[in-house]
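> What follows is a predicted structure for the sequence shown.
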Number of protein chains: 2
Amino acid sequence: MKEDLLEIFSSHFEQSLIDEILQEGRLMEVPAGETIMDIGQYIRSIPLLLSGAIKVLREDEEGDELLLYYLEQGETCSVTMACCMGQTKSEIRAITETDTKMVMVPVQKMEEWMAKYKGWRNYVFESYQNRLNELLQTVDSIAFKNLDQRLVDYLKKKVEVTNDDRIRNTHQEIAYDLHTSRVVVSRLLKKLEKMKKLVLHRNYIHVIDL
Amino acid sequence: MKEDLLEIFSSHFEQSLIDEILQEGRLMEVPAGETIMDIGQYIRSIPLLLSGAIKVLREDEEGDELLLYYLEQGETCSVTMACCMGQTKSEIRAITETDTKMVMVPVQKMEEWMAKYKGWRNYVFESYQNRLNELLQTVDSIAFKNLDQRLVDYLKKKVEVTNDDRIRNTHQEIAYDLHTSRVVVSRLLKKLEKMKKLVLHRNYIHVIDL
DNA sequence: AACCTACGGTAACAAAGGGCACAGACCTAA
DNA sequence: TTAGGTCTGTGCCCTTTGTTACCGTAGGTT
């Protein structure tokens, strides 16, 4: 944990801040596919991602889902922070996309550090900024693009995040993330296969060149 | 300006902070319909909204628009802040929806106050939080709702923001905000009129009960 | 009055995407 | 090996939304 923290954050955080994180933070290692945060849940600590990737998604009353964005190394979830600070319930669900290592920091500490450390303040701001921009991208994507493009973007991002050109998902799972139906995903994937951009297999997709 | 500031912010801001705002801020009064911030523009100061409403929208490369949310009294634009802090170009366009009074605060001051005033820090955080939540609402709306519902929501919000049950917009303007076509808006509005939820006129819509 | 333009109504058609149904392939466990 | 479940492919049809085209009308201008 110490090495990870140092490697990722030492350029942004004061040494004493890193010491505090080491002291106050709780290391968590979570395998892929676990829900680490759910809608309606109260949150008492926020995660700093040391390795792996977390997928953040939104769900409406009927249970329809939509992938919002991924969190990667060195990032944290601003929506979660917003919930913490506002003492409100989580608005989102977070699921580990890969095996993940993170430090959980209690909310009180994070408020304390806001006043105390410039590095922390900047980090928190940058996070908000990044999240806002990611959300804007998401809005663009669903507002301005058609499903073909969204699917391609999705697959690209997935390859990048998992660092694996074999996407180990069923069509149904992809459909959930994009908020569409399995049939539609199968159809579009077949089209992409015909265009030689990927090869379809049972339970995984081999991405060639998107 | 002083009275407005006191009335809106005195419960959240330290007195000395209000004094600084009075000293450093520049009062702006803008009539409805003006673009006060555009995509690609660099931003050197951020607005604190004293009265009126500002509509914030997104545009893609082809010029397609989409309304993101409104800013109202006491609010500020976090996306703008994000741009300021990150020294990047604006990602959004902001247009006054009604006649508007605001105080423009230079970016350097706002950074300075972050360290100095707890009230300011909290305010900035709450703003980010509110903006994130508004954006999530927007995502919900375009991802999970059909146009009928989105149009109704849009009209409701418009009535609320302008405080006027006569919506003075052409169908084309509404179409831009919702990122659809004029014909479609006319169709749906006619449907709502048949359901006695509103009455259509040339250049304005009289909302009865949505 | 004659004209022009902006706005709104409507029909007809097109395209995107979703839903249903069913078949075949694969996988596992009994 | 057989049975049952899961995953994918595909045809058909429906709904929603977008597009094109055309018309009537209100309002302003000359």
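Now that the structure is in, tell me what you want to look at.
> Go through chain A and flag its longest helix.
Among the elements of type helix in chain A, defined by DSSP state H, the one spanning the most residues is helix A:118-144.
> So which bits of it are buried?
By neighbour count on 16 or more other C-beta atoms under 10 Å in any protein chain shown, the buried set for helix A:118-144 is A:119-121, A:123-136, A:138-144. The C-beta positions use only the backbone N, C-alpha and C, and glycine is treated the same way.
> how about the CA coordinates for the helix or strand hosting A:L200, as PDB?
Applying DSSP states H and E as the criterion places A:L200 in strand A:198-201. In PDB, the C-alpha atoms belonging to strand A:198-201 read as follows (Å, rounded to 0.1, in the frame of the first residue of the first chain):
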ATOM      1  CA  LEU A 198     -13.800  -8.200 -34.200                       C
ATOM      2  CA  VAL A 199     -14.500 -11.900 -33.900                       C
ATOM      3  CA  LEU A 200     -17.400 -13.200 -31.900                       C
ATOM      4  CA  HIS A 201     -17.200 -16.200 -29.600                       C
END
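> Contacts for that strand next, please.
Contacts to strand A:198-201, defined as C-beta atoms under 8 Å, 6 or more residues apart in numbering or on different chains, come from residues A:155, A:189-190, A:192-193, A:205-208, A:210.
> Also stretch A:110-120?
In this structure, residues lying in contact with stretch A:110-120 by C-beta under 8 Å, 6+ apart are A:12-14, A:16-17, A:20, A:46, A:81, A:84-85, A:121, A:124, B:115, B:118, B:121.
> which residues in chain A form strands?
Counting by DSSP state E, the segments of chain A that form strands are A:26-30, A:35-37, A:45-51, A:54-59, A:65-71, A:93-96, A:100-106, A:166-167, A:198-201, A:204-207.
> What helices and strands are in contact with the second one?
Identification of packing neighbours for strand A:35-37 by 3 or more C-beta pairs under 8 Å, 6 or more residues apart in numbering or on different chains; DSSP states H and E yields strand A:93-96.
> where's the most centrally placed residue in chain A relative to A:D60, distance?
Closest to where the C-alpha atoms of chain A average out (C-alpha atoms, centre = their mean) is A:Y70, at 2.6 Å. Distance of A:Y70 to A:D60, given as C-beta to C-beta, to the nearest Å: 21 Å.
> ditto for A:R187
Counting by C-beta to C-beta, the gap from A:R187 to A:D60 is 24 Å.
> Now do the residue nearest to A:R58 when sequence neighbours are not counted: how many residues are near it, please.
For A:R58, the nearest residue in space outside its immediate sequence neighbours is A:L66; the separation is 5.0 Å by C-beta to C-beta, 6 or more residues apart in numbering or on different chains. Counted with other C-beta atoms under 10 Å in any protein chain shown, the neighbours of A:L66 add up to 20.
> That's all I had, so thanks and see you.
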